[in-house]
Structures are given as structure tokens and as C-alpha cells.
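Asker: Show me the folded form of this:
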Amino acid sequence: MNTPLQLVNIQKHFKDGDNEIEILKDLNLSVEKGEFVAVVGPSGSGKSTVLSIAGALQSADGGEVVINGRDINQYSDKDKSDVRLKSIGYIFQAANLVPFLNVYDQLKLVTELAGDWNDETKKRADDLLESVGLANKAKKTVQHLSGGEKQRVAIARAFMNDPDIILADEPTAALDANRSKEIVELIAKEVHDKNKAAIMVTHDESVLHYCDKIYEVHDKKLRLRK
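Answerer: So this is what the prediction gives:
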């Protein structure tokens with residue numbers, strides 16, 4: 001299957017007092033294996049909502065979210081949780097690390113939750129920390145890391161369960177230009193080397209050249225930037 005993620009005719013509304021505001025209308029997006037897609041648009045346009053729906057963090061009001069050929073709207077809450085844990089690697093704007101765990105244990109935790117902590121995944125944790133340049137800080141806790149280092153841990157954690165889909169929500173928002181480039185290079189390398197599908201929501205035009213396609217939120221839908 002070459003299309004790990006499809007959004008089909010997605011609808012989304014939010015309540016504002018007595019009013020209902022339409023955020024997304026008949027939005028469609030397909031992301032193929034080995035494809036790194038960016039979603040851009042002004043604040044409040046709905047781009048982070050697109051990512052949240054794609055990652056099964058919130059439900060659409062209509063349409064289908066198809067992950068590996070199956071519409072997850074038909075899944076139970078437990079099955080959706082399993083999809084998030086095993087098929088999706090989510091990188092948040094804030095690293096969202098567990099404060100009292102060291103770097104190595106941040107990775108170990110997500111794999112233990114998936115029931116896959118073994119010799120093979122231990123080696124994967126070692127290899128990932130090496131690849132993001134943090135092997136020498138494996139035993140450091142969060143408070144001893146810089147902002148860029150925290151985000152690299154978050155990326156390694158997102159890759160840890162070898163997900164089919166990577167979703168990144170403003171991953172460079174709190175970083176300087178050099179760190180931003182470093183972070184997006186890591187995501188792009190994982191996507192292209194491991195044949196993943198990825199969506200990155202960003203305001204940062206300087207990193208868009210790493211992406212294969214760029215979509216703009218326009219009139220509650222997505223429009224491919226030419």
C-alpha cells in the first residue's frame with residue numbers, strides 16, 4: 001500500500017458560544033510513502049486542526065480518516081489509541097517530554113506502552129539517540145537539555161515505534177534558524193530513507209525546501225502551492 005494516510009471530505013466545526021464556526025469543509029489530502037508534505041497558512045486557519053484529525057487526536061464532524069487503508073472513524077477508542085501508538089509518530093511544538101525521565105527512558109516508555117521493549121528495540125533506541133546526536137546525553141533528564149536537544153529527543157521518541165506516519169506540529173517554532181534546519185533535516189531523512197509518510201505544519205518558510213509538496217489552507221480546504 002503506497003498511501004498510508006488519506007483525509008477524505010473532512011468537515012470540522014467549533015462552538016463559539018451559541019455560534020457554530022466552520023473550520024474545515026470538504027478537505028482532502030493524500031500522503032504517499034516517502035513523501036514529506038508541509039501545510040502552511042495563517043494562524044487560526046485550521047492547519048493544526050488538520051494535523052490533529054490526521055493523528056486521531058480529535059474527531060472530524062464528517063468525512064473519513066483513512067490510515068493504512070482503513071477508516072479509523074469506525075474504530076473504538078482503544079483501537080484509535082493503538083493506531084496513535086504504533087502507526088503514528090507525533091512531534092509537538094513543545095517537546096512534551098516526561099519531566100522526571102532521562103533521555104533514554106523517554107524512548108523506552110513509548111515502546112513499553114506498545115509492548116515491544118526487547119533487545120531489538122533497545123538497539124533501536126541506541127541507534128536513534130546516536131542519529132540525533134544525543135548518545136552522550138542518554139542519562140540526562142529534561143532540565144539539563146537545551147530547547148534544540150529537547151526537540152531532538154521528541155523526534156527520536158516519535159520515530160521509536162517505527163511508525164508509518166510522522167506528524168509534526170510547528171516543530172521549529174521555538175528554535176533558532178540553525179536548530180530549525182537541523183530538526184527538519186532529521187525528519188526529512190527519516191521520511192526519505194525509511195519510506196515514511198509525513199505532514200509538517202509550519203510557519204517557517206525557510207525549511208519548506210525540505211518538503212516534497214506544500215499545501216496552503218485556503219477557504220477551509222487545502223490548495224497545492226505551485
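Asker: max-length helix in this structure?
Answerer: Scanning the chain for the longest helix, with DSSP state H as the assignment, gives helix 177-194.
Asker: Could I get the buried residue list for that one?
Answerer: 179, 180, 181, 182, 183, 184, 186, 187, 188, 190, 191 (16 or more other C-beta atoms under 10 Å). C-beta: built from backbone N, CA, C; applies to glycine.
Asker: Stretch 125-143 too?
Answerer: The neighbour-count check on stretch 125-143 (16+ other C-beta under 10 Å) flags 125, 128, 129, 131, 132, 134, 137, 138, 141, 142 as buried.
Asker: what are the phi and psi angles of the residue most central in space within the chain?
Answerer: Residue closest to the average C-alpha location in the chain (C-alpha atoms, centre = their mean): residue 167, at 1.7 Å. Backbone torsions of residue 167, given as degrees, to the nearest 10, read phi -120, psi 120.
Asker: what's near enough to touch it?
Answerer: Taking C-beta atoms under 8 Å, 6 or more residues apart in numbering, we find residue 167 in contact with 51, 54, 55, 88, 89, 90, 91, 198, 199, 200.
Asker: just the buried members of those?
Answerer: Buried members of these, counted by 16+ other C-beta under 10 Å: 51, 54, 55, 88, 89, 90, 91, 198, 199, 200.
Asker: these two touch, right, the first one and residue 215?
Answerer: Read it as residue 51. No. Judged on C-beta atoms under 8 Å, residue 51 makes no contact with residue 215 at a distance of 11.6 Å.
Asker: which residues do these two both contact?
Answerer: Residues touching both residue 51 and residue 215 (C-beta under 8 Å, 6+ apart): residue 39.
Asker: Past the longest helix of the chain, which element shows up next along the chain?
Answerer: Scanning forward in sequence from helix 177-194 by DSSP states H and E, the next helix or strand is strand 197-201.
Asker: Quick check: which helices or strands does that following strand pack against?
Answerer: Applying 3 or more C-beta pairs under 8 Å, 6 or more residues apart in numbering; DSSP states H and E, we find strand 197-201 packed against strand 19-31, strand 35-40, helix 47-54, strand 165-169, helix 177-194.
Asker: What angle do strand 19-31 and that strand make with each other?
Answerer: Here strand 197-201 runs at an angle of 140 degrees relative to strand 19-31 (axes from the mean of the first three to the mean of the last three C-alpha atoms, to 10 degrees).
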